[in-house]
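Asker: predicted structure and sequence below. I'll ask about it afterward.
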Amino acid sequence: MKLSAVLAATLAVSASAFAPAPVAKTSTALGMDRRAAAGQIAAGAAVLAGLPTLANADGARSSATEARARGIYGQRIAALESAVNSGDFGAVAAEKNAFILFNSGALSSKDKQSAAVKQTNDIFAAIRAKDTGALKSAYKSYIGANDISLVKVDMSSGQGYSADYDYRVRTPAGAIYVR
């Protein structure tokens, strides 16, 4: 008799363990349903989409980035000397971006940048006026004030770069002596 009582009790306990529990809406830790959570996520996404400043670069400036800008854009500006001397306004105007990028990347202080921008404006005012004399004098003052000169490496006396990732590769400043 004891065995049948224990067996009946075990059967009752196992039956109650597998019986369906009443279904109740479970509460999340935040106390909101899916619709409210989706609305808050959409509102957060809209706020983040309205912040375009997060996509800006950090504006890292170092001596290497300044040397790169001076090497790339300074050489393009220095190569304009023959166009300036011949009065080729179109060739100088075609290199407007080189002046802009040189002014913003190769010059470290705000004073030098503002002076270079003023000198650039003088160059392009001379181009708009089609005044060759003013273009020559503005270009000469820009080159002198910003210490820009055309660099060419003689292949018999040295090399201009040491890796394919150097900014001087495939430029006149990047000659390598190969036997």
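Answerer: On my side now, so go ahead. Numbers count the residues shown, from 1 in each chain.

Asker: show me where the protein has helices.
Answerer: Along the chain, the stretches classed as helices by DSSP state H are 2-17, 34-49, 63-78, 81-86, 89-94, 96-105, 110-129, 132-145.

Asker: can I get the fourth one in CSV? Just the C-alpha atoms.
Answerer: If I follow you right, that is helix 81-86. Taking C-alpha atoms only, helix 81-86 is exported to CSV below (Å, rounded to 0.1, in the frame of the first residue of the first chain):
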residue,chain,number,x,y,z
GLU,A,81,56.0,79.2,-63.3
SER,A,82,56.3,78.8,-67.1
ALA,A,83,52.5,79.3,-67.5
VAL,A,84,52.7,82.4,-65.3
ASN,A,85,55.6,83.9,-67.3
SER,A,86,53.8,83.2,-70.6
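
Asker: report the buried residues of it.
Answerer: Along helix 81-86, these residues count as buried under the neighbour rule (16 or more other C-beta atoms under 10 Å): 81, 83-84. For glycine as for every other residue, the C-beta is placed from the backbone atoms N, C-alpha and C.

Asker: of all those, which comes closest to Ser162?
Answerer: Using C-beta to C-beta, Glu81 comes nearest to Ser162 of the buried residues of helix 81-86, at 28.3 Å.

Asker: give me the pLDDT for the closest one.
Answerer: We have a pLDDT of 93 for Glu81.

Asker: next one: it from Ser141, what distance?
Answerer: Using C-beta to C-beta, to the nearest Å, we find Glu81 at a distance of 13 Å from Ser141.

Asker: check Phe102 too.
Answerer: Phe102 sits 15 Å away from Ser141, taking C-beta to C-beta as the criterion.

Asker: worst-scoring helix or strand of the protein, pLDDT-wise?
Answerer: Taking mean pLDDT, DSSP states H and E as the measure, helix 2-17 is the helix or strand of the chain with the lowest mean score, a mean of 71.

Asker: that older thread, tell me which of Phe102 and Ser141 has more neighbours.
Answerer: Of the pair Phe102 and Ser141, Phe102 is the one with more neighbours under other C-beta atoms under 10 Å, namely 25 against 13.

Asker: how close does that one sit to Ile148?
Answerer: Separation of Phe102 from Ile148 (C-beta to C-beta): 8 Å.

Asker: point out where this structure drops to low pLDDT.
Answerer: Per-residue confidence of the chain (counting by pLDDT under 70) places the weak regions at 11-19, 23-31, 48, 50-60, 154-158, 170, 176-179.

Asker: how about 80 then?
Answerer: The chain contains residues with pLDDT under 80 at 1-37, 43-61, 151-179.
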